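# quick one: sequence plus predicted model below, questions after.
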Amino acid sequence: MSATGAVPIAIIDDDESLCRALGRWVRLAGFRAVTFHSAEAFLESRERRGLRCLLVDIQLGGMSGLALHRQLVAEGDSTPVIYMTARDEPSVRVEALNMGCAAFLLKPGAGTAIIEALRRVTALT
């Protein structure tokens, strides 16, 4: 599938090198990745409209991934959210699942799981 016909997804991670690497990874899998280095940058972007899925780090500098998801829900935005985190805290996992996240993945090492979750979620939307 060409980049222009690829399913658009957002990657929101404050680790710029990881964000670039994830962008390359999902592009190789046939998606169009739009990267953001903060929740605030995502919220301010015109590119946020039309995205089919958000791949969000939970622990961001500034607004957290969970706070971003809460704001999107409050705005009526039902774009599926896949969370990724380096720290698996049970209370955070429960909150993410209760908010209806599409997947909760641990990094590092979630590469294949990320692609599988993106394919599953975008097939439904």
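Structure received.
# spatially central residue in this protein, please.
residue 55 (1.1 Å; Cα atoms, centre = their mean).
# for that one, what are its contacts?
With contact set as Cβ atoms under 8 Å, 6 or more residues apart in numbering, residue 55 has these partners: 9-13, 22, 26, 82, 84, 114, 118. Yep, even glycine has a C-beta here, placed from its N, CA and C like the rest.
# 10 Å instead, please
Contacts for residue 55 were tallied using Cβ atoms under 10 Å, 6 or more residues apart in numbering; they are 9-13, 19, 22-23, 26, 31, 33, 35, 65, 80-84, 102-103, 105, 110, 114, 117-118, 121.
# how is it assigned, secondary-structure-wise?
With DSSP: H, G, I helix; E, B strand; the rest coil as the basis, residue 55 sits in strand.
# could you find the closest non-adjacent residue to residue 20?
residue 35 (7.1 Å; Cβ to Cβ, 6 or more residues apart in numbering).
# so the one you found sits in a strand?
Yes: under three-state DSSP, residue 35 falls within a strand.
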